[in-house]
Structure formats: C-alpha cells, structure tokens
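In: Fold the following and give me the result.
(one chain, ligands or ions: 1)
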Amino acid sequence: MAGRNHLFVPGPTNTPHEILSAMHVPMEDHRSPIFPKLLSPILEDLKKVFRTETGQCFVFPATGTAGWEVAMTNCLNMGDKVLIYRFGQFGHLWAEAAKKLGFDVEIHQVEWGKGIPLDHLETRLKEDKNHEIKAVLATHNETSTGVTCDIPGVRKALDAANHPALLFSDGVSAIGSIDFRQDEWGVDASIAGSQKGFMLPAGLAILGFSQKALAAVDNSNFPRSFFSLKDMAASNKDGYTPYTPSTPMLYGLRKALELLLEEGMENVYARHHRLGEGVRRAVAAWGLQTCAQEGWASDTVTAIVVPADKDARHVISTAYSKYNISLGAGLSEVAGKVFRIGHVGDMNDVSLLGAIAGVEMAMLDNGIDIKPGSGVAAAIEYYRSSAK
Ligand code: PLP
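Out: Predicted structure coming up:
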C-alpha cells in the first residue's frame, strides 16, 4: 500500500530515523579496548532514565519477559513466595512465569480496568507476620488494559506494614515514557524493554536494581546461567559483557538515551500525558468508554471498549487493510471487546491525530455509531489549547 504504515501498537513503537541511522554500523570487536567507551556511558545514562543514583542498571540481550526472569531468579530463592495482583494479560503472564520457575505465587484477581488495590495490599502485608512474602510483583503499566498503578503507593503499603519484601516493578510500557523514580519510590528491581519508551527494536531487557536487591543476589540459591546478574556485573565493571552483545542495539540505545535526555525526562512525561489526554477526550467525544476505569488511565496506551454488539477485531482489521494503520488487539479476557491505541515512544500530536482519524473511519465502516470527526475535533481542541 502506498504511503507509510502508521504504527500505533503499544510496542514495538516507531523508531526515529536518528536511531535507525545510529544503528546502521559495521560489526565491531566487542573485546576491543574501545568497547567500554560505548557500554559504560550507556549504563550510567540509563540511571538518569530509571532515576536512580544509588542503584545500578543492566542490559541483557533479551526482551521484557526475560526481564521478569532476571529479577526473580537473581534476587529470590527457590520456592519463595511472591505476591501479584492480576488485572491484565501481562500481570497474568508474569504470574505464570513465576509459577513455571517454581515460585510460590499468591495471585489476587482484580477487575480488568483497575490496578493494584493499595488498602488490600497493606492489609495482606500486615497479616504476613512471618514475612513469608519475599517480593511484591507490581505491573506499573498494564499494557493490555491501559491501566497505570501507583507504585509509590505500593512502597507506602510495604513501609506501613514494615514489611521487608522486595518491590519489583514491571515498567516495560512505562519506563522512558511516564513518570518513574526508582530511588524515590523505593523500587528494588525495575524492568524495561527496548521496544517501547526506548524507541528501539525489541531485543534488550533493560533493568534497574537497588542496593538491597543487589545484596539479595549474594544470598540467592536459584540456579541461573545466561541471566546471571553476577556474571553481567563482573563484566560490566570493566565495560564489557559476558557474551557477545548486539552492538547495533547498543548504538541505538546510546542514541535513544541522547534523545530522551536532551528532551528531559519531565518533558517526556508531560508529552505523553498530553498525548494520552487527547486520546481520552476523543474517546469521550465518540461516546465510548476506555477499559481503564476512572483514575487508572495510562498515558502510554488507551484500550477502547467497542459497543457490546460489535467486535473490536473487525475495527483492527479494517484499520490495517483499508487505512494502513496498526492498532493493538484486545488480549485474552478483553479479546474482541477492546482495541488499543499506543501513544508511547516517538509520538507527537499530529501523528496521533492520524490514528484518531483512522480509528474513526474504521469504526464507522464497522457500523459503530459515532459522529464523524467528533474524536478528531475533541483531540484537536485539546492539543491546540495545551500546546506550548
Ligand atoms: N510487561 C509488559 C507490561 C508488556 O507490555 C510486555 C510486552 O508488551 C511485556 C511485559 C513482555 O515484554 P516482551 O514482549 O518484550 O517480552
């Protein structure tokens, strides 16, 4: 189809041409004396995105799913109890991964559309007098439902219960896009992936660890090899990696960090908030609902509920085949009920207005009763009035 494909899935996201150009490099010797000049500054600059001065960042050649495994297998012991709230597909998959690794997983179901209930969490942690729970697994941004949780609130619940469990935060669709502060929020292990806020192809699991989490690695009896944090840390100390790194991905990451830090993290968060708010105004103008309930909306992805007699899959396929737009599908429990607009990474008002217009056309084609132009008009109004 002529023209460009408009990528509005919530990852992989659009890769800016500066990053693509930076990645277009010949292969090089990753044991050369100059390789540390590439890796060491990346690991330092990542700390500015994860907002940690006391912690440490690591990059594994893998994806976000592996990030869960790195955090759990390095900081916990075989069979440890972990607590997780399940309110979407990624929390579900994280719980499943923990089960497969042999952890004792305590799962609390939450209605999809809401996030971690802090009062419940605090009560549960207070009940756990023997401190059997060793980690709280918190999905910061549930990409399947477009829900953002209050991670500082999770830390407060742990502190109010005087509970020593580690706090793990899945920031795969949050870090590098919406507010995240590893040190200030007392997060022990935070997990990101390269293909969302970092605007790169998939292929890197990017993690931040607190000193408490790093100390836990020394006491962990969990078997690991490829994902050994100790091996990674030992090599990283001198600016190297324990196995062959993907150098183009590292060049891309270096450029991504430059772009993020040049814009400034506060500005990146504010940009995503404006983008998300414009989409929410469009949804309201269409007379539709978001999957996220009041107070839980994410600034990186919006899941939009179609009327009960319609199938969101048809909207997605029309959008793709007729208008060359890629939208996110509804996953698992919300399959067919929602479609998702990703507004994460390299995105601005006008690009996103293209998505809103394309979505309107695809909804109208599928008999969804909305007023043509209503969502676009609401978003335009908001973007114009809030533009600097
Ligand atoms: N966690 C969240 C919140 C995600 O959105 C995703 C992927 O979309 C993952 C984990 C899994 O990451 P990956 O697909 O990179 O393995």
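In: Tell me the buried residues in stretch 301-309?
Out: 301-306 (16 or more other C-beta atoms under 10 Å). Heads up, the C-betas are built off the backbone N, CA and C, glycines and all.
In: Tabulate those (TSV), appending pLDDT.
Out: Listed next are those as TSV, based on pLDDT from 0 to 100:
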residue	pLDDT
301	98
302	98
303	98
304	98
305	98
306	98
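In: Which two of those residues have the greatest separation?
Out: Using C-beta to C-beta, the two most remote members of these are 301 and 306, lying 16.3 Å apart.
In: got a list of what the spatially most central residue of the chain touches?
Out: Central residue of the chain (C-alpha atoms, centre = their mean): residue 173, 1.6 Å from the mean position. Residue 173 is in contact with 10-11, 141, 143, 196-197, 298, 300-301, 344, counting by C-beta atoms under 8 Å, 6 or more residues apart in numbering.
In: what do you get if the cut-off is 6 Å, keeping everything else the same?
Out: 10, 141, 143, 196, 300 (C-beta atoms under 6 Å, 6 or more residues apart in numbering).
In: neighbours around the third one, how many?
Out: What that stands for is residue 143. Using other C-beta atoms under 10 Å, residue 143 is surrounded by 28 other residues.
In: With adjacent residues omitted, what lies nearest to it?
Out: residue 173 (4.3 Å; C-beta to C-beta, 6 or more residues apart in numbering).
In: Show the pLDDT at that neighbour.
Out: Model confidence at residue 173, given as pLDDT, is 98.
In: do the same with residue 224
Out: 95.
In: Regarding it, what is its secondary structure?
Out: Recorded secondary structure, residue 224: coil (DSSP: H, G, I helix; E, B strand; the rest coil).
In: residues touching it, list them.
Out: residue 73.
In: Just want the phi and psi numbers for it.
Out: phi -160, psi 160 (degrees, to the nearest 10).
In: now residue 134
Out: Residue torsions, per degrees, to the nearest 10, at residue 134 are phi -100, psi -20.
In: burial count for the closest residue to it other than its chain neighbours?
Out: Nearest-residue entry for residue 134: residue 80, 4.1 Å, with adjacent residues in sequence omitted and distances by C-beta to C-beta, 6+ apart. For residue 80, the number of neighbouring residues by other C-beta under 10 Å comes to 22.
In: if I look at residue 80, how far off is the ligand?
Out: 21 Å (C-beta to the nearest ligand atom, to the nearest Å).
In: So for that residue, what's the pLDDT?
Out: 98.
In: Next, work out how far apart the closest residue to the ligand within the chain and residue 27 are.
Out: Nearest residue of the chain to the ligand, counting by C-beta to the nearest ligand atom: residue 64, 2.6 Å away. When C-beta to C-beta, to the nearest Å is the yardstick, residue 64 and residue 27 sit 26 Å from each other.
In: The two: which has the busier surroundings?
Out: residue 64 (26 against 9).
In: so what does the longest helix seen in the chain touch, helix or strand wise?
Out: In terms of residue count, the longest helix belonging to the chain (DSSP state H) is helix 265-286. For helix 265-286, the packing partners by 3 or more C-beta pairs under 6 Å, 6 or more residues apart in numbering; DSSP states H and E come out as helix 374-386.
In: From the rest of the structure, what touches the helix it packs on?
Out: 274, 278, 281-282, 285-286, 349, 353, 356-357, 360.
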